[in-house]
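*Asks:* below: sequence and its predicted model.
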Amino acid sequence: MEKLKLKQEIKFHFVLHILMAAFITIASYVHLPFGSFKGNLIYFAHFLLLHFSLFGFIYIFSLFHKIFRVLFPIIFVMVTSLSFWVYTQDLTIGVGMIQAILETNLDIAIDTISFQLILFILFSTGCMVLFFRFYRKSKISSIKSPLFLIAILGVSTFFIIENYKFDAFKNRLPYNIYFNTIKYFDKPNIQLKEVHQQVFTNEENVHIVLVVGESVRADHLSLNGYARNTNPLLSQQKNLISFSKVFTPFTFTAQSLPQILTDISIDDKERYKDATSLYTVLNKASFATEWIGNQSLEKSYKDIIYSNTSKLIIDQFHSFLSFKKEKDLALLDHFSLDDSLVGNKISTLHMIGSHWYYNTRITSDFGHFRPIITSKYLYSSTKEALINSYDNTLVYLDNFLNVVIEKLKKSSKKTVLIYISDHGETLGEDGKWLHAQEHEASKNPAMLVWFSDNFEKRYPLKIRQMKAKKKDSITTDFLFHSVLDLGNIENFKYQKEQSIFN
Ligand SMILES: [Zn+2]
């Protein structure tokens, strides 16, 4: 009898997981480039472990038989309606997506409904109905069952893996829905201060373009002496200064951006309390502030983006995890000079830049260095291929900035471009790769300044001071104060001595 019950339980959960794999979890893997046999094997093991951990949670849930039989099919169908987008468009379930679902108007939501989506949902609903009808008399779980112990092991697997490798499961379906919903409701960890007084500037015709890069290390630019020509175009620009010794202690976007774009210093202990956004100050001085981004919203800098008077995220539902993400040049479709308008302006272009997975950041005409990586699994690629793929993104960046500069040259305004990467990247130093690993190699981001002839004519001293500082070792604290200095901001206290133009 006991044996029969156990058999029923196993059958029930096995078929349930087949359905879950087909409708939900495989969507998280299907867009990965596997490359090698080893890469395939690793991701298959990852998939099995993910299901083993899910088995743990679901088995425990199923101990509450009645609630489980009612709630599980509903949750299942809701999740499949999201996994449809991951399957078909490689959309990423992130905070931005959860926000869109929870805050979007019904009429916009209706626009996203397609025949295929309805079919997919109907099919998954049908499967659930049949499944629970077929197993309606079957024994599905019990605390006394040996499967209960295995379930405990499954739940432990989740916590062990998450502890060992940050976000290993949390980024995949269905876990990402749960964790990003929690993140959405979490309070922001940065509190922006208002600026109450009127702020002034005696300038009226300057356009500052701030390009925020991603994962670009200074020493891989040929402008800074890198042996490979990663700056074929920028090296021809005469008004371009590269600062090779900029440092930040922060090695991932969510930490570094709030520091770069506010008055927070890298030495501040209470980093996220009471910060002033650069844009809040500039708004007060009647600057037009505009943000055009190619990265999805992160809680830690969402409010800073929102402190711009105009903001646009060009591809908000494809995060860096997606292989269909827009390339950075698409940012420029939304960027214009507005020469006819009188007044000052700051435009911020936030790039996806050189974020892993490198190949997806560029179009094939920038694939100069070969061979390149073919798998998302790091360890199946050679060091040479990894660096080639990374360097290709720098050639793309070289072109991107060059296009912006050529555009700015045509402006009648006094234009300045500041490019700063949020942090660097570790490329095999001490066996480490990518960033967010607290390695020195990822703490020296690339930084460039380009200025128009118009600007130099009006502010020769600022340019001379800036050129004199190009070999200085500075921290990312410089940005906030330098931009305010560039805009000749008055009646707001900032540290002019930190400005590179002073
Ligand atoms: Zn970053």
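*Replies:* Right, received. Where do you want to start? This structure is a prediction, so every number in the text was calculated from the model and none was measured.
*Asks:* which parts of stretch 212-227 are buried?
*Replies:* Going by neighbour count (16 or more other CB atoms under 10 Å), the buried part of stretch 212-227 is 212-218, 220-224, 226. Bear in mind the C-beta positions are built from the backbone N, C-alpha and C, glycine included.
*Asks:* out of those residues, which touch the ion?
*Replies:* Near the ion, judged by CB under 5 Å from the ion, the entries from the buried residues of stretch 212-227 are E214.
*Asks:* okay, the buried residues of stretch 212-227 in a markdown table with secondary structure, distance to K302 and pLDDT next?
*Replies:* Listed next are those as a markdown table, based on DSSP: H, G, I helix; E, B strand; the rest coil; distance: CB to CB, whole Å; pLDDT from 0 to 100:
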| residue | secondary structure | distance to K302 | pLDDT |
| --- | --- | --- | --- |
| V212 | strand | 14 | 98 |
| G213 | strand | 19 | 98 |
| E214 | coil | 17 | 96 |
| S215 | coil | 20 | 96 |
| V216 | coil | 23 | 98 |
| R217 | strand | 26 | 97 |
| A218 | helix | 28 | 98 |
| H220 | helix | 30 | 98 |
| L221 | coil | 30 | 98 |
| S222 | helix | 35 | 98 |
| L223 | helix | 33 | 98 |
| N224 | helix | 32 | 98 |
| Y226 | coil | 34 | 98 |
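*Asks:* in a markdown table: the buried residues of stretch 212-227, plus distance to H31.
*Replies:* Below are the buried residues of stretch 212-227 laid out as a markdown table (distance: CB to CB, whole Å):
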| residue | distance to H31 |
| --- | --- |
| V212 | 26 |
| G213 | 25 |
| E214 | 20 |
| S215 | 21 |
| V216 | 25 |
| R217 | 27 |
| A218 | 32 |
| H220 | 28 |
| L221 | 31 |
| S222 | 33 |
| L223 | 35 |
| N224 | 35 |
| Y226 | 32 |
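*Asks:* and the residue of the stretch 351-500 of the chain nearest the ion?
*Replies:* Per CB to the ion, the residue of the stretch 351-500 of the chain with the smallest distance to the ion is D422, at 4.2 Å.
*Asks:* can you count the residues close to the closest residue to that residue other than its chain neighbours?
*Replies:* Excluding its sequence neighbours, the residue lying closest to D422 (CB to CB, 6 or more residues apart in numbering) is S256, at 4.4 Å. For S256, the neighbour count with other CB atoms under 10 Å is 27.
*Asks:* and S256, what helix or strand is that in?
*Replies:* Assigned by DSSP states H and E, S256 belongs to helix 253-260.
*Asks:* helices or strands up against that helix?
*Replies:* helix 299-306 (3 or more CB pairs under 8 Å, 6 or more residues apart in numbering; DSSP states H and E).
*Asks:* pull the residues that contact the next helix or strand after the helix it packs on.
*Replies:* Where DSSP H and E defines the elements, the next helix or strand beyond helix 299-306 is strand 310-313. Strand 310-313 has contacts (CB atoms under 8 Å, 6 or more residues apart in numbering) with 96, 288-297, 305, 334.
*Asks:* could you single out the nearest of the residues you listed to the ion?
*Replies:* Q295 (8.2 Å).
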